[in-house]
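Visitor: next input, structure requested:
(one chain, ligands or ions: 1)
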Amino acid sequence: MVHLNLGGEPLRAWHAGPEPAAAGSGPATLVASGAEPAGVAPAEIKAVLFDKDGTMSHSEPMLEALATARVFRCLEALDPQGQQQRREALEDLLRRAYGLTPAGIHPASITAVASRGHNLIATATSFAMVGLGWPEALAISEDVFARTDALHGQGSQHRPQATDGLADLLERFSAAGLRCAVISNDHEEGIHDFLAIHGFQRHFQAIWSAEHRPCKPHPDAVHGVCRELGIAAGHCALIGDANSDLRMARTAGVPVVLGYRAGWRQPPPLDPDVPQLQHWSELTVSHSHPDRGVSMGTIGSADDAIGSQPVSDSAKA
Ligand SMILES: [Mg+2]
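Guide: Residues are numbered from 1 along each chain as shown. The predicted structure follows:
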């Protein structure tokens, strides 16, 4: 049986999960830490669901460039001479709506957390708030987004880097037999590109993207990706950098939910009762046999791995 530990402490389920496997090198088990009383049964975990932006990837430089370009294009579209006061009002509204601050992108902002569609509506709403009718506000916003879409994703000048230590973590998870999935509001192409460029595809058996329905943060997004993995939510862990992710996971019945804090210049404000990590090296994997107790650092042999297929273009239903 495989266990996950955070900062050397065994992670215990935040609510009691199913009983662990009876014997031998059974399925992977994450045990969530912290608030729960000792004696809570470890959750038997067979898969880990990862958020992408701000968790797997340092997306902030790319998102900051994207949001800044959208502000520029919006002001350009508003342009009429003698409308300086309205331009200033629109710029202020857009910067606040996007979470563009002197210290970077706010990690809980719509730019950081939400889908392109939600950002589009926020942009059109900003236009409406400076006096445009909704049809015009929406049309201008759609044009601005079409002009700036190329700044998003792996094709941008600010190609997102993987967060530090992620490659090693994924190797350890695969060696432990854990399946992995991405659950993100990025588009499917962007997720595949990120995994491919960093050589991560072989570790992932499913993705859930902006094209899937429902999208995050609906709890059924978790159930959807779990169906693609063939593993129930009650046997999964989820790691994310936004409360919307963490609350979605708990509502969906995910027993082990972890917050990741190192993906942004400003640490994301996460619910304090959720175990949080600053570096992937804080997560360790150990192997136990019910009759012989926990053995740290023994994960990695091919014999431990559960058979699985890497994610591919055909993984999406
Ligand atoms: Mg995120």
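
Visitor: going forward, measure contacts between C-alpha atoms and count neighbours the same way
Guide: Noted.

Visitor: tell me which helix or strand Leu49 sits in.
Guide: Following DSSP states H and E, one finds Leu49 within strand 47-50.

Visitor: now do that strand: distance to the chain's middle.
Guide: 10 Å (C-alpha atoms, centre = their mean, to the nearest Å).

Visitor: that one - contacts with which helices or strands?
Guide: strand 179-183, strand 236-240 (3 or more C-alpha pairs under 8 Å, 6 or more residues apart in numbering; DSSP states H and E).

Visitor: of all those strands, which lies closest to the ion?
Guide: If you check each of those against the ion by C-alpha to the ion, strand 236-240 wins as the nearest, at 6.0 Å.

Visitor: quick one: list the elements packing against the closest one.
Guide: strand 47-50, helix 243-251, strand 256-260.

Visitor: once you drop chain neighbours, what's closest to the residue in the stretch 101-250 of the chain that the ion sits nearest to?
Guide: Distances between the stretch 101-250 of the chain and the ion by C-alpha to the ion are smallest at Asp241, namely 5.0 Å. In space, and not counting its chain neighbours, Asp241 is closest to Tyr260: 4.9 Å by C-alpha to C-alpha, 6 or more residues apart in numbering.

Visitor: test my guess that the one you found contacts Met56.
Guide: No. Counting by C-alpha atoms under 8 Å, Met56 is not a contact partner of Tyr260; they are 9.2 Å apart.

Visitor: what about stretch 205-218, average pLDDT?
Guide: Stretch 205-218 shows a mean pLDDT of 94.

Visitor: same question, stretch 254-270
Guide: Here the average pLDDT along stretch 254-270 is 94.

Visitor: ends of that stretch, what's the gap?
Guide: End-to-end span of stretch 254-270 (C-alpha to C-alpha, to the nearest Å): 17 Å.

Visitor: what's the answer for stretch 242-262, then?
Guide: End-to-end for stretch 242-262, by C-alpha to C-alpha: 12 Å.

Visitor: show me what counts as buried in that stretch.
Guide: 242-250, 252-262 (16 or more other C-alpha atoms under 10 Å).
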